[in-house]
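[1] okay, here's the prediction I keep looking at, along with the sequence it came from:
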Amino acid sequence: MNAKSIQRLMYLLGFLDLGGVMLIIPLFVVHLRTLGMTPMVGGIVRSFYGVLQLLSSPLVGRWSDKYGRRPLLLACLSVTAIGYFVLGATSSVLIIVVSRIVTGIFKHSTTLCKAVLADVTEVEERSQVLGKFNAAMGAAVILGPAVGGNLTDLENGFRLVCNISTFIFVLNVALCFAFLPNELPHHSQSEKHKVISKQTSKDEQEQTSKRSEEQQEGALNHLIQESEPSEEEQEETMGHIIKVIRDIDWQVFGDIFLVDFFLTFAAFTYRASFVLIIDQMFGASPKTIGYIISFQGIIGAMAGFLTGKISKLYQNSQLELFHSSLLQGAALLVLTFAPNVLSVILLLIPLSLSSTVIQTSTSTIIIERSDPSKIGSVTGFGQSIQAIATMTTPLLSSMAQEVSVYGPGVLASLSAVVGAALAGYVAHTKKLRKEKEL
């Protein structure tokens, strides 16, 4: 199987993978509530899932480098299929929690698909190929919730949706088993599974191995080592983490990292309880919720096309960040007290647009401030901020919801206000620096 065919296979696997997830996940919290689980307990389950994803990701990545992408991808897809089957087959909260723990450890199929794409794609073509892969997953985000919401409205709908998701993952297992070769084409960066031609020089092999190791150790979330690691491996990994933290100039990046944290926390806090909020405030059906989430996906995709034009209009990333953070805070505050579903749908437009622009502008500012030789480490640390928000917001949002149905929205709005104030400080500081230079 040539590289192009493998790329097309990964696009299909990515679409089916996220499609299977999006059939279930948007309405998962409503299902937990029908089983008698409080929002706080549901938040704990979802936060713990995020923790497991973060901790198991480097371990699965190392195993895929050691044993090959195909066996790890087959294992992850198979375990995920079992996890979603159990999710639909049981009404026991304990069994659901256990299934989510197992799924959290092994649900890395999307990451492995990206690794396969990187392995089989020339360096200069990777951005385009990964863009197509993300587009395929974006289509799944749009279609999955709408289809899942319609099916969940049927009798025993959640079980039906889980069974369909299980079938999708079993289909992915079959496709991977039948068409993905054990030995990938020679663009692979895996040290132990790269097919190296006889003409490749020793220096090129060493450089490839070095890049592979740097990719594995480049992010702060690689805190988990393989079982029973040697003392040398522990010291090397911890030394790398400490080095990354020390290498970051906090006087340069401290303010923008704080802005990134508060604005990301705001968006994730509201998103974490969005389904339950719509359900509790307006009694929306699963079908309606599914359509709303699909609409969010459409707006997010459209916003992605507008960010470039907005950046060209501003020509100032700091000011762009400040204004978009103000828009996010205002949208969250009005959404919190929206009187009806139509108002929620309309307010999702400025919220999605501002969140997309915030992601782009913060990344631009971080890169602009970075030394070219340290961009990977700095941006990797920036990504860990999102990982922290992903882990903490389900729990904190559910705690706020225990107090009031407006709790998550108020908490998100406060975080957005703090982020906007800090973004204003960043923009003002930038302006003063320019004035001094003149």
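    Yep, it's here. Numbering: from 1, shown residues only.

[2] please make it C-alpha for all contacts and neighbour counts, starting now.
    Will do.

[3] quick check: residue 420 vs residue 146, distance?
    For residue 420, the distance to residue 146 equals 33 Å [C-alpha to C-alpha, to the nearest Å].

[4] and what of residue 18?
    Taken as C-alpha to C-alpha, the span from residue 18 to residue 146 is 13 Å.

[5] so where's the chain uncertain?
    26, 127, 185-248, 373-384, 430-438 (pLDDT under 70).

[6] the same query, at a cut-off of 50, please.
    The model of the chain has pLDDT under 50 over residues 188-238, 240-241.

[7] residues in contact with residue 43?
    Contact analysis of residue 43 by C-alpha atoms under 8 Å, 6 or more residues apart in numbering lists 394-399.

[8] buried ones only from those residues, please, as a ChimeraX command.
    This is the ChimeraX syntax for the buried subset of the contacts of residue 43, where burial follows 16 or more other C-alpha atoms under 10 Å:
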select :394,395,396,397,398,399
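
[9] how far does stretch 329-342 sit from its chain's centre?
    Distance of stretch 329-342 from the chain centroid (C-alpha atoms, centre = their mean, to the nearest Å) equals 25 Å.

[10] contacts for it?
    270, 278, 282, 343-344, 347-348, 350-351, 406, 409-410, 412-414, 416-417, 420.

[11] show me the residues you listed that map onto strands.
    Within the contacts of stretch 329-342, no residue falls in strands by DSSP state E.

[12] of these, buried ones?
    In those, burial by neighbour count holds for 270, 278, 344, 347-348, 350-351, 406, 409-410, 412-414, 416-417, 420, counting by 16+ other C-alpha under 10 Å.

[13] and residue 154, what are its phi and psi?
    Torsion angles at residue 154 (phi, psi; degrees, to the nearest 10) stand at phi -80, psi 170.

[14] tally up the residues packed near it, please.
    By other C-alpha atoms under 10 Å, 14 other residues sit near residue 154.

[15] what about it, distance to residue 393?
    Distance from residue 154 to residue 393, by C-alpha to C-alpha: 31 Å.

[16] what's the answer for residue 9, then?
    34 Å.

[17] which of these two has more neighbours?
    Just comparing residue 9 and residue 393: by other C-alpha under 10 Å the higher neighbour count belongs to residue 393, 27 against 19.

[18] excluding chain neighbours, what is closest to that one?
    Among residues not flanking residue 393 along the chain, residue 269 sits closest, at 5.0 Å (C-alpha to C-alpha, 6 or more residues apart in numbering).

[19] same question for residue 253.
    residue 366 (7.1 Å).

[20] list phi and psi for residue 122.
    Torsion angles, degrees, to the nearest 10, at residue 122: phi -60, psi 150.

[21] and it, how far is that from residue 260?
    Counting by C-alpha to C-alpha, the gap from residue 122 to residue 260 is 32 Å.

[22] more crowded one of those two?
    Neighbours were counted for residue 122 and for residue 260 using other C-alpha under 10 Å; residue 260 has more, 26 against 15.

[23] touching, residue 314 and residue 320? I think so.
    Yes: taking contacts as C-alpha atoms under 8 Å, residue 314 lies within contact range of residue 320: 6.2 Å.

[24] which one of these two is surrounded by more residues?
    residue 320 (22 against 12).

[25] which residues does that one contact?
    Residue 320 neighbours (C-alpha under 8 Å, 6+ apart): 311, 314, 357, 361.

[26] if you set the cut-off to 7 Å instead, what comes out?
    The contact partners of residue 320, taken as C-alpha atoms under 7 Å, 6 or more residues apart in numbering, are 314, 361.

[27] which helix or which strand is home to it?
    Using DSSP states H and E, residue 320 maps to helix 317-336.

[28] can you pull out the helices in the stretch 51-200 of the chain?
    Secondary structure of the stretch 51-200 of the chain (DSSP state H, counting those that start in this stretch): helices located at 69-89, 93-106, 109-120, 126-152, 157-179.

[29] to residue 36, which of those helices lies closest?
    Ranking these by proximity to residue 36 (C-alpha to C-alpha) places helix 93-106 first, at 8.6 Å.

[30] how many other residues sit next to residue 316?
    Neighbour count of residue 316, defined by other C-alpha under 10 Å: 14.

[31] cool, and the one 5 residues further on?
    For residue 321, the number of neighbouring residues by other C-alpha under 10 Å comes to 31.

[32] distance of residue 152 from residue 284?
    Residue 152 sits 13 Å away from residue 284, taking C-alpha to C-alpha as the criterion.

[33] more crowded one of those two?
    Neighbours per residue (other C-alpha under 10 Å) separate residue 152 from residue 284, with residue 152 holding more: 24 against 16.

[34] hang on, the more buried one packs against residue 285?
    No: judged on C-alpha atoms under 7 Å, residue 152 makes no contact with residue 285 at a distance of 9.2 Å.

[35] would you map out the domains in this protein?
    3-187, 247-437 (automatic domain parsing).

[36] do you know how far residue 40 is from residue 102?
    Distance of residue 40 to residue 102, computed by C-alpha to C-alpha: 21 Å.

[37] repeat that for residue 400.
    28 Å.

[38] who's in contact with residue 49?
    Counting by C-alpha under 7 Å, 6+ apart, residue 49 makes contact with 100-101, 104.

[39] name the nearest of those residues relative to residue 292.
    Closest to residue 292, out of all of these and judged by C-alpha to C-alpha, is residue 100, at 25.1 Å.

[40] how many residues are close by that closest one?
    Here the number of neighbours of residue 100 (other C-alpha under 10 Å) works out to 23.

[41] for residue 280, same thing?
    For residue 280, using other C-alpha under 10 Å, the count is 12.

[42] how about it, nearest residue that isn't a chain neighbour?
    Of all residues not flanking residue 280 in the chain, residue 405 sits nearest, at 7.5 Å (C-alpha to C-alpha, 6+ apart).

[43] just the contacts of stretch 329-342: which are in helices?
    270, 278, 282, 343-344, 347-348, 350-351, 409-410, 412-414, 416-417, 420 (DSSP state H).

[44] nice, that's everything, thank you.
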